[in-house]
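>>> Quick one, what's the 3D model for this:
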Amino acid sequence: MTIQPAMHPSVFGIRLSALDESALTRLLTEPLPPGAGVRLVATANIDHIRHLRSDQRFRDAYANAYAATADGAPVALYARLRGVPTPGRVAGPDLFASLMHAFEVGRHRPFFLVSNVDTGKRLSAWMRNRGFAADMVASECPPFGFEKDPEFSEGLAERIREHGTTHLVAGVGAPKSEVWIHEWRHQLGDCYAFGIGAGVDFFVGSARRAPLWMQRSSLEWLWRLSGDPRRLGRRYLMDSIQFPAAIVDDLSGNWQWIDRRDA
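Sure thing, here's the model as predicted:
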């Protein structure tokens, strides 16, 4: 029997999946029927919530997502306090790692958008060690600002479609990953799609993830902040300030955008 991506009542306008990491992995490795289109999986953390408050294009991507998980511990905790019976936190890096181990030769043809060439090479090598031939896996490191270049984007979408991509993994940051996937979805073919961010780099070791005890203690943000304070300091400060405001919006019923879906 096919598992369906059951969704619960929304928090922050996001209808969180009822499936845990294992069940999601099984669902997201099933073959798609012809004409299914792009099935975007969103992983909501407080940075996403901040962008959702002000970015209409990001809201459109979320509104049309096939499934969404609580990536951030604060999002998962808030959902639990609101009585949403989700499985708890399903982090993007963990879901990505689970998918990577579930990919099968002859069934899956992943395409990776990476933030640096080294990560792309490491991903390809890892897949080859799993038995995937070179033509079964593709990766590309798009130039900075690629999402604003229609000509480049059109060519990239064509390469993704011609690869016969079954899983498109974008590790180039939010909200650009989700927005680009959503806005070019009609040119990408039939595939599952994910905006994983640094989770791609964590998986291959080109960036170091927080120790397990910090992950389990919801302190992963502190690990990342200490490693790159100039880039992430302002982001985490803005996130922490805007998250309570987002809760107020949600509790007061001022968050209505998810009610429509136009996929």
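>>> Would you map the strands across the stretch 51-200 of the chain?
Using DSSP state E, counting those that start in this stretch, the strands of the stretch 51-200 of the chain run over 67-70, 110-113, 138-140, 167-170, 191-195.
>>> Determine how far the last one lies from the middle of the whole chain.
What it means is strand 191-195. From the chain centre to the centre of strand 191-195 is a distance of 7 Å (Cα atoms, centre = their mean, to the nearest Å).
>>> Verify the stated contact: Pro143 with Ser153.
No: look at Pro143 against Ser153 with Cβ atoms under 8 Å: they stay out of range, at 11.2 Å. For the C-beta atoms, the positions are set from N, CA and C on the backbone; glycine is no exception.
>>> who's more crowded, these two?
In this view Pro143 and Ser153 are compared by other Cβ atoms under 10 Å, and Ser153 has more residues nearby, 17 against 7.
>>> doesn't Gly145 make contact with that one?
No: under the criterion of Cβ under 8 Å, Ser153 lies out of contact with Gly145, with a separation of 10.7 Å.
>>> what bits of the protein have low per-residue confidence?
Regions of the chain meeting the criterion pLDDT under 70 cover residues 1-9, 209-210, 213-239, 255-263.
>>> Helices of that one, start to end?
With DSSP state H as the definition, the chain shows helices at residue ranges 21-28, 46-54, 56-63, 73-81, 92-102, 117-129, 150-162, 176-183, 199-204, 212-216, 220-227, 229-251.
>>> burial of Asn85, as a residue count?
Not quite, residue 85 is Pro, not Asn. Neighbour count of Pro85, defined by other Cβ under 10 Å: 11.
>>> One more: Gly37?
Neighbour count of Gly37, defined by other Cβ under 10 Å: 16.
>>> How about Glu151?
Neighbours around Glu151, by other Cβ under 10 Å: 7.
>>> Met127 too?
Using other Cβ under 10 Å as the criterion, Met127 is surrounded by 21 other residues.
>>> ok, it to His101 distance?
Summarising the geometry, the distance separating Met127 from His101, computed by Cβ to Cβ, to the nearest Å, is 11 Å.
>>> Which strand residues bridge the residue nearest in space to the middle of the chain?
Taking Cα atoms, centre = their mean as the criterion, Gly195 is the residue nearest the geometric centre of the chain, at 3.0 Å. Note on Gly195: beta-bridge partners Ala170, judged by DSSP bridges.
>>> max-length strand in the protein?
Across the chain, the longest stretch assigned as strand under DSSP state E is strand 38-44.
>>> what's the angle between it and helix 150-162?
Using axes from the mean of the first three to the mean of the last three Cα atoms, to 10 degrees, the direction of strand 38-44 lies 110 degrees away from that of helix 150-162.
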